[in-house]
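1. Give me a model of this one.
(chains A and B)
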Amino acid sequence: MSEPVIEIRNLNVDYGLGDQAVHAIRDVSLTLHRGEVLGLAGESGSGKSTLAYGMTRLLPPPGVITGGEVIYHPEKGDPYDVLSLTDRQLQAFRWAETAIVFQGAMNSLNPVHKISTQLTDVLRAHDPKMSENSRNARAREMLKLVGIAPDRMDAYPHQLSGGMRQRVMIGMALILQPQVVIMDEPTTALDVVMQRQILGQLVELRERLGFSVIFITHDLSLLVEFSNRIAIMYGGRIVEEAPAAAIYRDALHPYSSGLLGSFPALRGPRRELTGIPGSPPDLKGMPSGCSFHPRCPKAFEPCSSKIPVLTPHGDRSVACWLVES
Amino acid sequence: MTSIPDAKAPADEVVLEAIGLTKHFPVRRRLRDLFSNRHDAVHAVDDVNLTLRRGQVVALVGESGSGKSTVARLLAQLYPRTGGDIRLHGESTRVKAGTAFRRYCARVQMIFQDPFASLNPVHTIRYHLTRSLKVHGNAGSTDAELEQALHALLERVALTPPERYLDKFPHELSGGQRQRVAIARALGAEPEALLADEPVSMLDVSIRLGILNLLRDLKERLNLAILYITHDIASARYFADQTMVMYAGRMVEGGDSETVTQSPAHPYTRLLIESAPDPDRLTGAAEAADDDRGNGEPPSLIHPPSGCRFHPRCPSAMPRCSTDLPVPLQIGDAPGHWAACWLYDTEEVAK
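-> Numbers count the residues shown, from 1 in each chain, chains lettered A, B, ... in the order given. I've put the predicted structure just below:
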């Protein structure tokens, strides 16, 4: 396996303070390797977006990082902890090292500015010495890279379709050639046809530019197809982490297999599917022990009292008492 | 309780039919249009034919903007139609408001996409369901009967025990439970047809199937006709008996769900199915987008393309496609499987 780019160690994120605090991320450790696509799957409220915002220190209040570290390995130089950067260092780190494409990215463009202004703004902030001509040339180049004719530079966001806006956002994220791109549900608002086009393009760009991707979505079937490794989150913890093929063929955690069984197949025999009974846990009143045990078909006696820890099994890890025993 | 006159009607009796249903939304005219006699309109739905039968689920699949929700709203008579006909038990109906609308509502109910928005946050579940029962005259005459009807409704949608849910507010329930309440409210009218507009797309993936299985169960027990609107063709295959595919306001293909998804005929349906995520493809990192597979975007519906609306994106477009509007043609691999595509014009091939 190639060297790591980002190592998250025992990250904890709370919303709120004191007794009222809701623990959104508990003790999450995760490593992103150079050049890989790491999928992060889970239901709403499982903490997958919070994890992405936590590791880039973008958490809006009342979100607080209460513990852990996020070690970033730059291409040259020594690794450092993102969580202990000063504001100035953080400013240089963001976008140039890790970029993020937000959920509903097509609405995160400013409607009153041309896309050329929005693209060059990043360059102006990070490299003030760059001349206006070279900024424009770079922006043009980026648009071409994501498959938009450079003559659309002077378009306003409303003049572009949803798919094109999404491409602009991806281009904008890549403009400073970051090592890591975090995509938070980048295609949820798009149609399947457009989704495939954009993801295909992303894969191609990744091969060309060699960045790593953290891909967050609730659509596990999409992740299995597009990512190298998948981490599945439930109730603020990672319950299983494995190569994509391994999860698909043989998921060890009952939640992973339940999630996989929630997608009707387009091919193969038609079979009766059940989904997962019950509803996702409320972060305010987490069940004791394994947070999945009230919904788990295979729950047995240690599940309700002891919290399973993520333990490695070969090239994968899983947090479940079934596998332990 | 009032009984529906033909509640014991045989299965696959036609409940609701759309014939040549058309809806154009006028576009606000600009100043210069006043002098030019131009009347632009968004051609949201054009010439849609659809039949809902008792005990059957028909899925309507399409991208956003293809007009599938407009079809549901037209069938629910929430929008007046521009052309065509809606027939309830073979009888042409056009209702606007008042008692006629309520009578229609009692037979054709709609379930909306977003259960977070379709329930009033300041009222309890009891209030929502009581309203539905009272408005449609199914509440009985005494409090005890009402209470019994409420319990029966919640039990039908598997929210048990009912007492636990009746006095809760919508924010105290999860998304799946809220959608169940929305379904219970629709059932309070004792309808014959349910129009479900993306009933699961706002819900968490793990509970979507629970709702679909509930709807299927209700369809069988209550002999309902269901229109299931979705953008996810895999769930249409799972849930629906018939699948119709819509593109840019027109129906392009229809037939038995299994046939449509396993041997799609129309190039657009093929594109849709190829684009759906498929874990079996397992390339680790999928192949780059093919350029000749009908990339591009849906057309503007104000000035839709002439001929077949898919022709500018179609990989197998012929000269004829840009001039002649394709008619539904039988495919012949399965009874009832049709596609509106000139590729299947046997006379043309014979000529």
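
2. For the closest residue to A:Arg316 other than its chain neighbours, give its distance to A:Ile230.
-> Computed as CB to CB, 6 or more residues apart in numbering or on different chains, the closest residue to A:Arg316 that is not its neighbour in sequence is A:Ala242, at 3.4 Å. C-betas here are computed from N, CA, C, even on glycine. Remark: distance between A:Ala242 and A:Ile230 (CB to CB, to the nearest Å) = 6 Å.

3. how about B:Thr70, phi and psi?
-> The phi and psi values for B:Thr70, taken as degrees, to the nearest 10, are phi -60, psi -40.

4. and stretch A:253-269, does that touch chain B?
-> Yes: residues of stretch A:253-269 contacting chain B under CB under 8 Å from any CB of the partner chain: A:Gly258, A:Leu259, A:Leu260, A:Ser262, A:Phe263, A:Pro264, A:Ala265, A:Leu266, A:Arg267, A:Gly268.

5. I'd like to know which of the residues you listed are buried.
-> A:Gly258, A:Leu259, A:Leu260, A:Ser262, A:Phe263, A:Pro264, A:Ala265, A:Leu266 (16 or more other CB atoms under 10 Å in any protein chain shown).

6. hmm, back to that, between A:Ala242 and A:Ile230, tell me which one has more neighbours.
-> A:Ile230 (27 against 24; other CB atoms under 10 Å in any protein chain shown).

7. quick one, strands of the chain?
-> Unless you meant another one, I'm taking chain A. For chain A, applying DSSP state E gives strands covering A:4-15, A:22-33, A:37-41, A:63-72, A:80-81, A:98-101, A:180-184, A:212-217, A:229-234, A:237-243, A:311-313, A:316-318.

8. think we crossed wires, I meant chain B
-> Going by DSSP E, chain B shows strands at B:14-26, B:41-53, B:57-61, B:83-88, B:91-92, B:108-111, B:193-197, B:225-230, B:242-247, B:250-256, B:329-330, B:338-339.

9. Please produce TSV containing those strands, extended by mean neighbour count, mean pLDDT and distance to chain A.
-> Shown next, in TSV, are these (neighbours: other CB atoms under 10 Å in any protein chain shown; pLDDT from 0 to 100; distance: least, CB to the nearest CB, whole Å):
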stretch	mean neighbour count	mean pLDDT	distance to chain A
strand B:14-26	19	92	19
strand B:41-53	21	91	16
strand B:57-61	27	94	10
strand B:83-88	17	91	26
strand B:91-92	9	86	35
strand B:108-111	23	93	18
strand B:193-197	24	93	16
strand B:225-230	26	94	11
strand B:242-247	26	93	11
strand B:250-256	24	93	12
strand B:329-330	16	89	24
strand B:338-339	23	92	18
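
10. check contacts around residue 45.
-> Assuming you mean chain A. For A:Gly45, the contacting residues are A:Pro280, A:Pro281, A:Leu283, by CB atoms under 8 Å, 6 or more residues apart in numbering or on different chains.

11. Hmm, no, I was thinking of chain B.
-> B:Leu21, B:Thr22, B:Lys23, B:Gly67, B:Thr70, B:Val71, B:Leu74, B:Gly249.

12. try it again with 6 Å
-> B:Lys23, B:Gly67, B:Thr70, B:Val71, B:Gly249 (CB atoms under 6 Å, 6 or more residues apart in numbering or on different chains).

13. Could you point out which of the residues you listed is nearest to chain A?
-> Using CB to the nearest CB, B:Gly67 comes nearest to chain A of the contacts of B:Val45, at 13.6 Å.

14. Just give me the neighbour total for that closest one.
-> 27.

15. Repeat that for B:His303.
-> 10.

16. Quick one: neighbours of B:Phe169, just the number.
-> Around B:Phe169 there are 14 residues (other CB under 10 Å).

17. if you skip the residues just before and after it, what's nearest to A:Ile71?
-> Nearest to A:Ile71 is A:Glu7, by CB to CB, 6+ apart, at 4.4 Å.

18. In this structure the one you found contacts A:Thr31, no?
-> Yes: A:Glu7 sits in contact with A:Thr31 when judged by CB atoms under 6 Å, with a separation of 4.9 Å.

19. picking that back up, which pair in the contacts of B:Val45 spans the largest distance?
-> B:Val71 and B:Gly249 (9.3 Å; CB to CB).

20. ok, back up a step: out of the strands of chain A, flag the one nearest B:Ser235.
-> Nearest of those (CB to CB): strand A:212-217, 16.9 Å.

21. so B:Pro199 touches B:Phe112, yeah?
-> No: with contacts counted by CB under 6 Å, B:Pro199 stays clear of B:Phe112, the gap being 8.0 Å.

22. out of the two, which sits in the busier spot?
-> A count of neighbours by other CB under 10 Å puts B:Pro199 above the other of B:Pro199 and B:Phe112, at 26 against 19.

23. Next, the contact list for the closest residue to that one other than its chain neighbours, please.
-> Leaving aside its sequence neighbours, B:Pro199 sits nearest to B:Ile111 (CB to CB, 6+ apart; 5.1 Å). Counting by CB under 6 Å, 6+ apart, B:Ile111 touches B:Ala182, B:Ile183, B:Ala186, B:Ala196, B:Pro199.
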